[in-house]
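> For reference, the sequence and a predicted model appear below.
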Amino acid sequence: MAGRIEDYALIGDMQTAALVCRDGTVDWLCLPRFDSHAIFAGLLGTEEHGFWRLGPAHAADSEPPTAARRTYRGDSLILESEWDTPRGTVRVTDFMPPRDGAPQLIRIVEGVTGRVPMRSVLRMRFSYGRVVPWVHKHEGRTVAVAGPDSVWFDTSAETYGKSLTTYADFTVAPGDRIAFTISWQPSHKEPPALPEPEQSLEATEEFWREWVEHCTYHGPYREAVIRSLITLKALTYAPTGGIVAAPTTSLPEDIGGVRNWDYRYTWLRDAAITLSSLLRTGYREEARAWREWLLRSVAGDPENLQIMYGIAGERELGEAELDWLPGYENSTPVRVGNGAAHQLQLDVYGEVIEALHLAHMTGLARNDYASLLQLKLIRYLEDHWDEPDEGIWEVRGPRRHFVHSKVMAWVAVDRTIKLIESGDADGPLERWKELRDDIHRDVCERGYDKERNTFTQSYGSQELDASLLLIPQMGFLPPDDKRVIGTIEAIQRELSTSDGFILRYPTSGGDEGVDGLPGDEGAFLACSFWMADDLAMIGRVDEARKLFEKLLALRNDLGLLAEEWDPRLKRQVGNFPQAFSHVPLIDTALRLTASGAYGG
């Protein structure tokens, strides 16, 4: 059985990522890309679906021991786990070097004290656990082959096969260092180069040290901000600049339920807000790469903007169910692909244009095609902003006139007007100023409940929605507007959990609700950070700081956050780690630092 979601650590090479549990088990790894088939899918099934455990030897009828301590080495993505055993202490260092050739996962075992018996258990199962590869020796190296894929296993330890699994039993004493590496290669090509684990470790540490040095934030929450930035960098697909929402699929928002989605793609919304956080903390190169990815992905068809694309700009992300996987804690179905790719979500236009605007304002070199794209997107919005859509939360129920979608359409027009006024683009300025006023008037008249003094989820509805918290942050209305304050207070009353975190919107329990799905979900962490932001903006800074620090306490021991927090089970839920949680963490830290609202 897989561990709790928060029991996992992330390692990665900016092209794919692995999840490593506290007991030294890699339960999730897709090769060679984030969205490739998994060779270790035990996270969504059982050990029969693939895993790699490396840790102290234990009796066959007992649970693998968990590490007594684990941490990332400095400001890096190099994981160090230590076990204290009756026979001594041992350390395992796990990392994936930034790619220069074949993708690699390297694990180095180091004796600290005593003499510790160790065991490596490697069970590769290709195609999300469905295919048992042909494992054999080739010039002294172990290779597993299935169809187009091959995985090469290299170690100085003696290995043996048993029950379609590769084992290594060995003992380490102080000073001993034994490395294990798996490398992926297309099966029709020559074997990958022999790994050089120690040199790769040194190079990986140097890469992260140099990257972190570019961070311009030096406030009181630097540790949390740096860890979130490293996580966002790890979710960036280096060859193209695309940013995945998370490196996993089908980790449930509702344990045992059906709210299980594939997040290994580039949502324009998630990527745009990730870009904004990177820009605010000094990372222009990532912004430039994402802008180029956007232009390539949208090229030739901006009128049919998708809400998400593949990490190289692929448009077809057909959704399928893997019925041979029982799901994380029996949460089915397990899905790959995402059928929401072709939804109409008008807010995306606002998020993309806001990101382009911020890039322009922070001095990113002008790109004429980016400005042209922005104008084309506005011309599309001019004709379609008043249509119903599926909204930010990708509801699978009927389309509605979501207030947040209209607000973000206003943002798109407003930022484009600013671009024209700066002299960097040409367009019908007066006509678009009228359009901006029309959208603003429409939202304030049709999306606002005067009796309750709150904006609502959609026109004519009674439900609230946490996305309304973005109204002051986007500049649609000033923070001291009574309608803004009323909305914040209404969301606090109606969408707060027992421990003070914020739900996205009301869910239905056993029946289908506004999102067209049965079941409930946890508190959406991004929404809770938005609440902290809004509280700071309206002057309730102590309350904002306390909420922010409660949110920081939800991170696992390595500083990572999933998508949601289940207030009943007191655990993280949803895909992990989640960009949409780490981005607002950074933004709230910046806001609180600027306001001086932090303790000690």
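Structure received.
> three-state assignment of residue 144?
Following DSSP: H, G, I helix; E, B strand; the rest coil, residue 144 is assigned to strand.
> Surely it is in contact with residue 137?
No - counting by Cβ atoms under 8 Å, residue 144 stays clear of residue 137, with 11.1 Å between them. Every residue, glycine included, has its C-beta placed from N, CA and C.
> Same drill for the two, tell me which one is more crowded.
With neighbours defined as other Cβ atoms under 10 Å, residue 144 and residue 137 compare such that residue 144 has more, 23 against 10.
> quick one: residue 332 from residue 237, how far?
28 Å (Cβ to Cβ, to the nearest Å).
> Of those two, which one has the most company?
More neighbours surround residue 237 than the other of residue 332 and residue 237, with 22 against 19 (other Cβ under 10 Å).
> show me what contacts that one?
Residue 237 is in contact with 14, 15, 33, 34, 243, 244, 266, 311, 312, counting by Cβ atoms under 8 Å, 6 or more residues apart in numbering.
> what about the fifth one, neighbour count?
Going back to what we said before, that points to residue 243. For residue 243, the count of nearby residues is 27 (other Cβ under 10 Å).
> so what's it scoring on pLDDT?
Each residue has a pLDDT score; the one for residue 243 is 93.
> Next: the fourth one.
At residue 34 the predicted local confidence, pLDDT, stands at 98.
> quick one: contacts for it?
Going by Cβ under 8 Å, 6+ apart, residue 34 touches 15, 16, 17, 237, 244, 247, 264, 311.
> just checking, the last one touches residue 245?
What that stands for is residue 311. No - the pair residue 311 / residue 245 is not scored as a contact, 10.6 Å apart, by Cβ under 8 Å.
> Common neighbours of the two, please.
In contact with both residue 311 and residue 245: 264, 265, 266, using Cβ under 8 Å, 6+ apart.
> what's the closest of those to residue 589?
Using Cβ to Cβ, residue 266 is the member of these that lies nearest residue 589, at 24.5 Å.
> What is the neighbour count of that closest one?
Residue 266 is flanked by 33 other residues according to other Cβ under 10 Å.
> mind listing what it touches?
Contact analysis of residue 266 by Cβ under 8 Å, 6+ apart lists 237, 242, 243, 244, 245, 293, 297, 308, 309, 310, 311.
> and with 10 Å instead?
For residue 266, the contact set (Cβ atoms under 10 Å, 6 or more residues apart in numbering) comprises 34-35, 235-237, 240-245, 274, 290, 293-294, 297, 306-314, 317.
> for residue 245, same thing?
When contacts are counted by Cβ under 10 Å, 6+ apart, residue 245 touches 34, 235, 261-267, 269-271, 274, 308, 338, 563, 575, 578-580.
> pretty sure it belongs to a strand, no?
No - counting by three-state DSSP, one finds residue 245 to be coil, located in no strand.
> circling back to that earlier point, a markdown table please, covering the contacts of residue 34 and showing secondary structure and distance to residue 472.
Conversion of these to a markdown table gives the following (DSSP: H, G, I helix; E, B strand; the rest coil; distance: Cβ to Cβ, whole Å):
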| residue | secondary structure | distance to residue 472 |
| --- | --- | --- |
| 15 | coil | 38 |
| 16 | coil | 38 |
| 17 | strand | 35 |
| 237 | strand | 33 |
| 244 | coil | 29 |
| 247 | coil | 32 |
| 264 | coil | 33 |
| 311 | coil | 33 |
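> Generate a markdown table for the residues you listed, with distance to residue 126 as supplementary columns.
Below are these laid out as a markdown table (distance: Cβ to Cβ, whole Å):
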| residue | distance to residue 126 |
| --- | --- |
| 15 | 18 |
| 16 | 15 |
| 17 | 18 |
| 237 | 21 |
| 244 | 21 |
| 247 | 18 |
| 264 | 17 |
| 311 | 20 |
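> sorry, back to before: now restrict the contacts of residue 266 to buried residues only.
Buried members of the contacts of residue 266, counted by 16 or more other Cβ atoms under 10 Å: 34-35, 235-237, 240-245, 274, 290, 293-294, 297, 306-314, 317.
> Show me those that map onto strands.
236, 237, 242, 243, 308, 309 (DSSP state E).
> wait, which of the residues you listed is closest to residue 400?
Nearest to residue 400 among those: residue 308, at 20.2 Å, using Cβ to Cβ.
> partner residues bridging the closest one?
Residues in a beta bridge with residue 308, per DSSP bridges, are residue 267.
> Residue 121 too?
On the basis of DSSP bridges, residue 121 is bridged to residue 53, residue 167.
> residues contacting it?
Counting by Cβ under 10 Å, 6+ apart, residue 121 makes contact with 24-25, 47, 51-55, 57, 64, 162, 165-169.
> Looks to me like residue 233 is in a helix.
Yes - judged by three-state DSSP, residue 233 forms part of a helix.
> What residues sit buried inside the helix or strand residue 378 falls within?
Element membership of residue 378 [criterion: DSSP states H and E] is helix 368-384. Using 16+ other Cβ under 10 Å as the test for burial, helix 368-384 gives 370, 371, 373, 374, 375, 377, 378, 379, 380, 381.
> Check stretch 166-179 too.
Neighbour-count burial for stretch 166-179, counted by 16+ other Cβ under 10 Å, picks out 166, 167, 168, 170, 171, 172, 176, 178, 179.
> Do you have the helices of the stretch 351-500 of the chain handy? List them.
Using DSSP state H, counting those that start in this stretch, the helices of the stretch 351-500 of the chain run over residues 368-384, 403-421, 429-446, 470-473, 482-494.
> deepest of the ones you listed, which one?
Highest mean neighbour count of the helices of the stretch 351-500 of the chain: helix 403-421, a mean of 24 (counted as mean count of other Cβ atoms under 10 Å).
> who does that one touch, helix- and strand-wise?
helix 347-361, helix 368-384, helix 429-446, strand 454-455, helix 470-473 (3 or more Cβ pairs under 10 Å, 6 or more residues apart in numbering; DSSP states H and E).
> For the helix or strand that contains residue 198, list the C-alpha coordinates in CSV.
Here residue 198 sits within helix 197-212, counting by DSSP H and E. The C-alpha coordinates for helix 197-212 follow below in CSV (Å, rounded to 0.1, in the frame of the first residue of the first chain):
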residue,chain,number,x,y,z
PRO,A,197,27.1,9.0,-9.8
GLU,A,198,29.6,11.0,-7.7
GLN,A,199,30.3,13.5,-10.5
SER,A,200,26.5,13.8,-11.2
LEU,A,201,25.8,14.5,-7.6
GLU,A,202,28.4,17.3,-7.5
ALA,A,203,27.0,18.8,-10.8
THR,A,204,23.4,18.6,-9.5
GLU,A,205,24.2,20.3,-6.3
GLU,A,206,26.1,23.1,-8.2
PHE,A,207,23.1,23.5,-10.6
TRP,A,208,20.7,24.2,-7.8
ARG,A,209,23.1,26.4,-5.8
GLU,A,210,23.6,28.6,-8.9
TRP,A,211,19.9,28.7,-9.7
VAL,A,212,18.8,29.7,-6.2
